[in-house]
Every structure is written in C-alpha cells, then in structure tokens.
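> Here is the input, now give the coordinates:
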Amino acid sequence: MMKTTTDDQVKVLQWVTKPEDAATIDDAFWVKKQRWGTFVSIGADDLGIITALTEEQCISATRWYLKGLQEGWDDDNVIKHEGTVGGKL
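Residues are numbered from 1 along each chain as shown. Purely as a prediction, here's the structure:
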C-alpha cells in the first residue's frame, strides 16, 4: 500500500528541528552554531547544506550553492584537471 501526504501535512513536516528563535534566511534555510564553533546551514528538508567557520561565510556560501542548484553552474569559469600524465615516464 502506498502512503500519500497532502500539502497541509508536508507543510507541518517542514522545519521540524528549527528552534523558535532561529531566523529563516531567504525563506530557504537557517543557520545554527555547532558545539565546536562552526556554523551549519539547514534547509527546509532538515538536512545540512554548508559548514563554515563564520556565520557570514556560511550564509554567503549557502546562497551561492542554492543559486547554482536553481540556475545551473557556470561551466565557463570552471578549471578542469586531468588525472593522467602525458609523455613518457
């Protein structure tokens, strides 16, 4: 038997672990400080997205990452490396 959920049930499941006082950033994620001093961004699916040393870096990197997922990655600025060595050794 297949289990289905309605839109109202899905909305209730979002942000399950988000504390009441945590601010939602761009309606897409929130940031929490971990016990060892790093910051992690948490998405609406309650999965970690980016870990960074400062809160500002975490927010900036998460925005860049989510924009890349949404709009696609700019392949013109990507440096590609090859794993083989040319020539004779």
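> what's the next secondary structure element after the worst-scoring helix or strand of the chain on mean pLDDT?
Of all helical and strand segments in the chain, the minimum by mean pLDDT, DSSP states H and E falls on helix 7-13, at a mean of 47. Downstream of helix 7-13, the first helix or strand assigned by DSSP states H and E is strand 24-25.
> Mind naming the longest helix for this protein?
helix 55-71 (DSSP state H).
> quick one: buried residues of that helix?
Residues 58, 59, 61, 62, 63, 66 are the ones in helix 55-71 that count as buried (16 or more other CB atoms under 10 Å). Quick note: C-beta positions are derived from backbone N, CA and C, even for glycine.
> which other helices and strands contact it?
Packing contacts for helix 55-71, counted by 3 or more CB pairs under 8 Å, 6 or more residues apart in numbering; DSSP states H and E, involve strand 29-33, strand 39-43, strand 48-52.
> In TSV: those, plus distance to residue 82.
TSV is the format used below for those (distance: least, CB to CB, whole Å):
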stretch	distance to residue 82
strand 29-33	35
strand 39-43	33
strand 48-52	28
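> Make JSON lines out of the ones you listed and add mean neighbour count, distance to residue 86 and mean pLDDT.
As requested, those are exported to JSON lines (neighbours: other CB atoms under 10 Å; distance: least, CB to CB, whole Å; pLDDT from 0 to 100):
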{"stretch": "strand 29-33", "mean neighbour count": "18", "distance to residue 86": "43", "mean pLDDT": "91"}
{"stretch": "strand 39-43", "mean neighbour count": "19", "distance to residue 86": "41", "mean pLDDT": "93"}
{"stretch": "strand 48-52", "mean neighbour count": "16", "distance to residue 86": "36", "mean pLDDT": "94"}
